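*Asks:* no FASTA, just this:
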């Protein structure tokens, strides 16, 4: 099987709808504003409606050709605003796919580009003097279709939750602790506009990525997760990366970052962006470095600027830019155990030292803002000095950079450029809260976007778990998006299954955070699943889970028969020991008696029950409680 | 391959020493007091010494025959105290292996018992009027060998940590937050005695389990983890369970609970206890129920009492006893989403309702204490009313029972019986702290032993992760032992790999808690691993991890060549992009200049570097920070 056939066959797998699920849409104020949801039909007739990141791929009625790309759901909205223009755009150069490999791979690249000829788009940019960011619109009081889309998406179909949230006493007991967030019961388009206007949320949506289904990253919205994909110099191919994208959003990635560093870097990105219904982020310095043959000190502002424009024209929705790593901070890392572990950070540190100059990302920051606002690319201000191990956590290098990111946020906002802030990394549990506090204090509530953090360093092979702990906590404390970590972290490049493992671990973390914050309705899905569990509706239990396939497979390993799927016990305890079964029997017994359990108990101490043998000869010795 | 051969072959695998590791011992005040440690030899000549739960199995110099059991390391200590006597003991009855299966399995049981004839021991019990609990000795000021053993074990070899903890500024910055725990820098035998005397720690060590390597469960010691094994009516065999035990302690289980509920229940336990160097816990009501054919209402105090004695004679170290589930609390579960999910709890609830009587576990609690103190079996007071889903968390049923467990703790302590308290279960993150607070308040700092808690309910197949989040947090807050959850939770019986996955997830949680609490030296292992990572000592990085095999395998998947193990890059970024390599280059550059990084930077703004090309034509636009 050649690479393309293998890809096609994998894609067929990843396009299967989820079990018992129907792709559906909530329509907004205009017919072309259709927000996707996944409706899960339960065996008891209920329908549970879920937030859906998988795009058209899980809709069997949509024909998809990855060589043509997805339909542009936002095209009309962008055009209607009348503030952009099509233009010739930058001419593709061989070096865009990497200097080192340009010659060797010329033929392969030519093939790939020819095969994906229809992925080439004529770019748009803001008309002279215009600013096309969602923040700019928001600050002028305009509610864009993107904002309305986000509002509908965050709310989802609330109706189904009603019965799960009807018990006022329970809701009061379980009320979340929002840790300073201000989450309304219903998200209105106007609320979204206000959050974007004040910088507390971003809607990453490059005007050259009309395929994106708008979503928001902000403390008062659902906690989101990001999955990284991307080839490296060592391994993997374009087709694999596209399939990894589809796979990632299937399992719930809200955003995907293309961190390719190897060959075919430009062309890979064409394939990814055109086929992605979720925002795509990149770290442009990676490509810029490829263009100078991997020699950090050969980087120039011009090469970098050209790369930003190249990627903005392709439709990248946010750029990680390590502009807060300033020359005066570099020496602060000298006594660290693991120095600088951010790739972008270390490249810029090397450049700064080599030239004895301040970082060009910092000195050209306003120039960068000009580019960002012409395409509505959002900043993801990179933490080049994040700790690379627990013992470097929360040090002065890290916090000096964070404070600088706060300064840069103000500059970006002056230009109405949407901005989020990247955070660590490696942080023991007891130091996590300080990260959130410092970020809120210095970055004025711009969304925080953290990598983990990993709470310990001794779990190579399991860092998705070590970091899910930190991610759940910092998500509760206010982080808006969690960048996933896979089991391969620190060891190798994640494959298809690693990507899934990382995503599921982070869906768990994000959902745990939503539940803890008291995000309206977040817990209803847990309640629906728990009810299915109690009712022995096995299929519903599987289908409501984050990964129905694995749950079903695990159950089948011990109890493979179809009859077990309706069995009123499970393999853990066997038929006689099932506590849920016993609970049901207890309730039934109470009902038979014509008494509810409460009354049965109140009356019970005096009663005799002839039909049950009391064990003979018990001597009841009352225990006197010692208080 | 028959079952016994298969078992022997598996056991060979699980007996392999860890890579680059040597089993070693710290000798105490007497030559027979030898505390095991695992010394990991690093490629740079350092030796990192780790807490070791694996018993003699990972020592290739020890010959082990599971049909004879392990040597009794505590035998002399118990005998020397002169307060116990050997006695005939209870005669084994066919019904001990379960009423239902007694006839059918008679031959198989006879075979198993004959094959393990030398596993039968003459039991010991306290002489008339004596109390042989560690708590009783502690309260009389006696430091037992068990207490000294625990002290040495908790400290380990501290020497190797010195260089990792030499930086005072770093130690101050990273100082843990003990959340009310009082952890001394060095654990003395006297400290252990005092902790046991006041009930803040237990040393589960039945006098009939001399094979146990003593360990402590308490808030001021390292956080421990428990793994559950045990056959059920549906599946698995004795051999599998013993191998699972050896496998579990290999990966770090500090305690193992035998939750068998099916056939051969007595005989399985013989095999497990005799071959276990870690404390074994059980839930005696499971066996008692087997004796009455699974009919809860047929249970009697006599059958239960006889089962306690039977298991105490075999050497079980702690009993889960659901004595806090009182009749008046049962109706509090009527409106729960998932009712009573504890097996033991639901059995007792059914009995109480059927008889309209208070639980015999509650009314006979002092009788139970008399048995416990004659063998030094510790209480694990069960939470029969723990929540079975997030929406039942922290309700009145749960807390009413918890308060009762506090009352019972006081009664147990009146008898000098060691006691810990079981906790949930299913609790969203924001409600976890309240569990710890209530437990500390009502249970007088008796060790808390929680199952997870799971923070969300939508992750069947991944509940080890959903619960590791809660476990890490509650461990930090003060829980002394974390009962693991495997990926099969709610779905099926865990197999060998599930057991390992559950254990690793919980080692992560426990270690994250130790680091957050600031347990002395806990972070040193992280530092050693991080240093190895920074130095590109791949083998050391693998060998210092919780699971060297998986880390090595993951690395090999992308970079299989042996040369990659000394490569100064990894497959994540490839040779040019490696940030750690770049950091090293930055440092080397600074050193070449005869300047440290700090001085280089301070001097650098003015300097020119002829040997590095400055990118042509940059125009530096100073950015005015907006504060």
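*Replies:* Cool, the structure landed. Note that the structure is a prediction, hence the values are computed from the model and not measured.
*Asks:* now residue A:188, nearest residue through space, not along the chain?
*Replies:* residue A:151 (5.8 Å; C-beta to C-beta, 6 or more residues apart in numbering or on different chains). C-beta coordinates here come from the backbone N, C-alpha and C atoms, glycine included.
*Asks:* And the one you found, how far from chain B?
*Replies:* Shown here: residue A:151 relative to chain B, a distance of 24 Å by C-beta to the nearest C-beta, to the nearest Å.
*Asks:* Could you identify the helix or strand that succeeds whichever helix or strand that residue is part of?
*Replies:* With secondary structure defined by DSSP states H and E, residue A:151 is part of helix A:145-155. Downstream of helix A:145-155, the next assigned helix or strand under DSSP H and E is helix A:168-174.
*Asks:* who's in contact with the residue nearest to residue A:188?
*Replies:* By C-beta atoms under 8 Å, 6 or more residues apart in numbering or on different chains, the contact list for residue A:151 reads A:187-189, A:191-192.
*Asks:* among the residues you listed, which two are most distant?
*Replies:* Spanning the widest gap among the contacts of residue A:151 are A:187 and A:189, at 8.2 Å by C-beta to C-beta.
*Asks:* Which one of these two is surrounded by more residues?
*Replies:* The neighbour count for residue A:187 versus residue A:189, taken as other C-beta atoms under 10 Å in any protein chain shown, is higher for residue A:187 (22 against 19).
*Asks:* quick one: contacts for that one?
*Replies:* A:150-151, A:154-155, A:221 are the contacts of residue A:187 under C-beta under 8 Å, 6+ apart.
*Asks:* Same list (these) but as TSV, adding distance to residue B:230 and pLDDT.
*Replies:* Below are the contacts of residue A:187 laid out as TSV (distance: C-beta to C-beta, whole Å; pLDDT from 0 to 100):
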residue	distance to residue B:230	pLDDT
A:150	50	98
A:151	51	98
A:154	45	98
A:155	46	96
A:221	44	98
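*Asks:* max-length helix in chain A?
*Replies:* In terms of residue count, the longest helix belonging to chain A (DSSP state H) is helix A:496-517.
*Asks:* name the helices or strands packed onto it?
*Replies:* The criterion is 3 or more C-beta pairs under 8 Å, 6 or more residues apart in numbering or on different chains; DSSP states H and E, and the helices and strands that helix A:496-517 contacts are strand A:224-229, helix A:238-250, helix A:463-477, strand A:481-483, helix A:522-534, helix B:463-477.
*Asks:* thinking again about what came up before, can you put the contacts of residue A:151 in a markdown table and add secondary structure and distance to residue B:227?
*Replies:* Rendered in a markdown table, the data for the contacts of residue A:151 read as follows (DSSP: H, G, I helix; E, B strand; the rest coil; distance: C-beta to C-beta, whole Å):
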| residue | secondary structure | distance to residue B:227 |
| --- | --- | --- |
| A:187 | coil | 44 |
| A:188 | coil | 50 |
| A:189 | helix | 51 |
| A:191 | helix | 47 |
| A:192 | helix | 47 |
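*Asks:* now, among the residues you listed, which is nearest to chain B?
*Replies:* Taking C-beta to the nearest C-beta as the measure, chain B sits nearest to residue A:187 out of those, at 21.0 Å.
*Asks:* Tell me how many other residues surround the closest residue in space to residue A:521 that isn't next to it in sequence.
*Replies:* Taking C-beta to C-beta, 6+ apart, and ignoring the residues beside it in sequence, residue A:521 has residue A:161 as its nearest neighbour in space, at 4.7 Å. Residue A:161 sits with 20 neighbouring residues when counted by other C-beta under 10 Å.
*Asks:* my read: residue A:161 touches residue A:524, true?
*Replies:* Yes. The criterion here is C-beta atoms under 8 Å, and residue A:161 meets it with residue A:524 at 3.9 Å.
*Asks:* Just the closest of the contacts of residue A:151 to residue A:475, please.
*Replies:* Proximity of the contacts of residue A:151 to residue A:475 (C-beta to C-beta) peaks at residue A:187, which lies at 18.1 Å.
*Asks:* Measure how far the longest helix of chain A is from the centre of its chain, please.
*Replies:* 8 Å (C-alpha atoms, centre = their mean, to the nearest Å).
*Asks:* Okay, and the beta partners of the most centrally placed residue in chain A?
*Replies:* Nearest residue to the geometric centre of chain A (C-alpha atoms, centre = their mean): residue A:225, 1.6 Å. Here residue A:225 sits in beta bridges with residue A:482, as judged by DSSP bridges.
*Asks:* and it, what is it in contact with?
*Replies:* For residue A:225, the contacting residues are A:252-255, A:481-484, A:503, A:506-507, A:509-510, taking C-beta under 8 Å, 6+ apart as the criterion.
*Asks:* and the two most separated of the residues you listed?
*Replies:* The most widely separated members of the contacts of residue A:225, counting by C-beta to C-beta, are A:255 and A:509 (14.9 Å).
*Asks:* So for residue A:139, what's the nearest residue that isn't a sequence neighbour?
*Replies:* The shortest distance from residue A:139 to any non-neighbouring residue, by C-beta to C-beta, 6+ apart, is to residue A:197 (4.7 Å).
*Asks:* I'd like to know how many residues surround the one you found.
*Replies:* By other C-beta under 10 Å, the residues close to residue A:197 number 21.
*Asks:* Contacts only, for it.
*Replies:* A:135, A:138-139.
*Asks:* Residue numbers of the stretch 51-200 of chain A in contact with chain B?
*Replies:* Among all residues of the stretch 51-200 of chain A, those adjacent to chain B (criterion: C-beta under 8 Å from any C-beta of the partner chain) are A:167, A:170, A:173-174, A:176-177.
*Asks:* The helix or strand harbouring residue A:266 and chain B in contact?
*Replies:* Using DSSP H and E, residue A:266 sits in helix A:265-274. No. For helix A:265-274 and chain B, the contact criterion (C-beta under 8 Å from any C-beta) is not met; the two come no nearer than 11.9 Å.
*Asks:* Could you figure out how far that helix is turned away from strand A:224-229?
*Replies:* An angle of 140 degrees separates the directions of helix A:265-274 and strand A:224-229 when computed by axes from the mean of the first three to the mean of the last three C-alpha atoms, to 10 degrees.
*Asks:* now the angle between helix A:238-250 and helix A:265-274, please.
*Replies:* Computed by the same axes, to 10 degrees, the angle between helix A:265-274 and helix A:238-250 is 30 degrees.
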